[in-house]
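Novice: whatever this is, show me its structure:
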Amino acid sequence: MITASRKWLRPALIILVAAVVVLVVLVTIVPSSDEVLRAIVKRSSDPEGSAFYTVEIWVDEATGDSRAVFRDENGNRTGDILISGKEKFESHKSSATQFIAADAQDEMLKSVEQQLWRYKWLLEKGEAVVIGKEVVDERRVLKIEVRLPSAEGEKIVAIVDEETKLPYLETVYREGKEAESIRSAYEVIEMLPRSSLPAGTFEREVSQDVHRTIQKMSLEQAKYFAEFDLYYLGEEFDRLQIQSIQYYRSYRVYRVSPPPQNKVTIIYAAPGWEPQAGDSPETYVTIEKATADEINEWQQHGREVKDGVLRPTTRGDYMKELLRGQSLVTLWSRTEAEVRDMESVLQRLN
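Specialist: Numbering: from 1, shown residues only. Here you go, the predicted model:
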C-alpha cells in the first residue's frame, strides 16, 4: 500500500485527468517527424501548494532540440535550459553557462526530457524498483524507489502514474529521514505541428551572454585542441585510464571580477569509477593557459604560481605546478611519490 498522503496526490491527479488520453498516445506512439511535444508542469515543495513554480517544456524528437523555461508563481522567468545539437545552454538569473558534449549520446543532452521521463527511463534501465501499487481518484499509480549511487544513504521515493510513469510526488530521504518533497501537476501536455511553434522556440536569445563554457572532449578531440598546449600522462597511468577530459572557460562579467579561467582537466581513474557527492578524483591533471599577462593578473588577485614545488593541499593530497611554455600544468594525486611518477611520464597531447 502507498503510505503517502492522498492530500498531496489528488490535486495533481485532478489536473492530469483531462490530459490522460494525450499521455497514453505519447507513451505508446512515436510522434511524427513534424510534431513537437509541449508540456506545462506546476511543481511545489509546499504541502499546501501555495508556493510553486512552473516549467514549460518543448521537445522536438526529430531534431533532438528541447527547451525548458522556468517561472515563479508570479510568472517571472527564473531560468532557461536550451538544448540544440551537442550544446546545452543554461541560464539562471544573472548567470549563463554553455555546455558542449563530446558526442550526441551524452546524458546532459537529455536533461530537458528528464523533467518528464526520468522515472520511466530509470524503470526501463532497472535503476528503480516498484515497491507498491494503488488506485487514487481512478488512476492507477506506482510507488517506486531509487537509490542514488552518487549519494550514500540517500534515496528517492516517487509516486508515478502507472501508464505514463509521470511523477506526481517525489520525496528525498537522507539517512532515513524525509528531506524534501516535490508535487507535480500537469496543466498541458500536447503534440503540436512544428509549423505552429512560436518563433525562436529553439534559439538562444541574443541578450543572453555566456559567462562560462564547459566542454567535454574525447581524446581525439583533445589532440586537436588549439587554445593552448596540453599535456597528459598517456592513455593509461599506473593501471588507471582516462575517464574524462573537460575544458572549462569563464569570462569576465564585471571589471572587478576574478580573473577568467581557461583550463582543461584530465581525470585518471579505474574502469567504472563514478564520482561520489563532494569527492574529487584521486589522480588528475589540470592545464591552464598561462601567458605573462595571465600570471600577472593571478598575482594581483593573490594567487602565486610555485613552478616545480611539490606540496600538500588542504584536502590532504599533493600537487605540483609546472610551467611549460604558455601552459601551467598541475599534477594532483594522493602521495608525493605518485606526483613524481606523474611528472616522469608527462608528455604533450595536442
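Novice: what's the closest non-adjacent residue to residue 140?
Specialist: residue 162 (4.0 Å; C-beta to C-beta, 6 or more residues apart in numbering). C-beta here means a position set from N, CA and C on the backbone, and glycine is covered the same way.
Novice: also residue 326?
Specialist: residue 291 (5.2 Å).
Novice: pick out the residue nearest the middle of this protein.
Specialist: residue 108 (5.4 Å; C-alpha atoms, centre = their mean).
Novice: under a three-state scheme, what state does it occupy?
Specialist: helix (DSSP: H, G, I helix; E, B strand; the rest coil).
Novice: whichever strand or helix holds residue 97 pairs with which strands, and in what direction?
Specialist: Using DSSP states H and E, residue 97 falls within strand 95-100. Using DSSP bridges, the strands paired with strand 95-100 in its sheet are strand 87-92 (antiparallel), strand 212-217 (parallel).
Novice: next one: the first one to chain centre, how far?
Specialist: The gap between where strand 87-92 is centred and where its chain is centred comes out at 10 Å by C-alpha atoms, centre = their mean, to the nearest Å.
Novice: okay, that strand in CSV with CA atoms only?
Specialist: Extracted in CSV, the C-alpha atoms of strand 87-92 (Å, rounded to 0.1, in the frame of the first residue of the first chain):
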residue,chain,number,x,y,z
GLU,A,87,25.2,22.1,-27.0
LYS,A,88,23.2,22.9,-23.8
PHE,A,89,22.7,26.5,-22.8
GLU,A,90,21.6,27.1,-19.2
SER,A,91,20.8,30.4,-17.6
HIS,A,92,19.6,31.3,-14.1
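Novice: excluding covalently adjacent residues, which one is nearest to residue 218?
Specialist: Distance criterion C-beta to C-beta, 6+ apart; nearest residue to residue 218, sequence neighbours excluded, is residue 102 at 4.8 Å.
Novice: distance check, that neighbour against residue 220.
Specialist: 9 Å (C-beta to C-beta, to the nearest Å).
Novice: the residue nearest to residue 218 should be in a helix, yeah?
Specialist: No: secondary structure of residue 102 (three-state DSSP): coil, not part of a helix.
Novice: which residues touch it?
Specialist: 86, 216, 217, 218, 221 (C-beta atoms under 8 Å, 6 or more residues apart in numbering).
Novice: please report phi then psi for it.
Specialist: Here is the backbone geometry of residue 102 (degrees, to the nearest 10): phi -70, psi -30.
Novice: tell me the pLDDT at it?
Specialist: You'll see residue 102 listed with a pLDDT of 79.
Novice: could you do the one 5 residues further on as well?
Specialist: The model reports residue 107 with a pLDDT of 84.
Novice: kindly report the same for residue 29.
Specialist: pLDDT at residue 29 comes out at 40.
Novice: quick one: low-confidence parts of the stretch 201-350 of the chain?
Specialist: Low-confidence segments of the stretch 201-350 of the chain (pLDDT under 70): 205-210, 252-258, 274-280.
Novice: all helices in it, in order from the N-terminus.
Specialist: For the stretch 201-350 of the chain, the helices defined by DSSP state H, counting those that start in this stretch cover 219-223, 292-300, 336-345.
Novice: any idea how far residue 216 is from the residue nearest to the centre of the chain?
Specialist: Distance from residue 108 to residue 216, by C-beta to C-beta: 8 Å.
Novice: anything in contact with each of the two?
Specialist: 99, 101.
Novice: any weak-confidence spans in the stretch 1-150 of the chain?
Specialist: 1-32, 47-50, 94, 149-150.
Novice: pretty sure residue 183 is in a helix, no?
Specialist: No: counting by three-state DSSP, residue 183 is not part of a helix but strand.
Novice: number of nearby residues for it?
Specialist: Number of residues near residue 183 (other C-beta atoms under 10 Å) recorded here: 24.
Novice: would you agree it is in contact with residue 169?
Specialist: Yes: here residue 183 reaches residue 169: they are 5.4 Å apart, a contact under C-beta atoms under 8 Å.
Novice: show me the strands in the stretch 201-350 of the chain, by range?
Specialist: For the stretch 201-350 of the chain, the strands defined by DSSP state E, counting those that start in this stretch occupy 212-217, 231-232, 236-237, 240-250, 262-269, 283-289, 310-312, 318-324, 327-333, 347-348.
Novice: residues in contact with residue 215?
Specialist: Here residue 215 is in contact with 99, 100, 246, 247, 248 (C-beta under 8 Å, 6+ apart).
Novice: may I have the beta-bridge partners of the closest residue to the second one other than its chain neighbours?
Specialist: Once its chain neighbours are removed from consideration, residue 100 has its nearest residue in residue 215; the separation is 3.9 Å (C-beta to C-beta, 6+ apart). Each beta-bridge partner of residue 215 is listed here: residue 100, residue 247, as defined by DSSP bridges.
Novice: swap in residue 232?
Specialist: residue 347.
Novice: how does the chain divide into domains?
Specialist: The chain breaks down into these domains under automatic domain parsing: 6-196, 213-348.
Novice: can you redo these as a markdown table with distance to residue 202?
Specialist: Output for the domains of the chain, formatted as a markdown table (distance: least, C-beta to C-beta, whole Å):
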| stretch | distance to residue 202 |
| --- | --- |
| domain 6-196 | 4 |
| domain 213-348 | 20 |
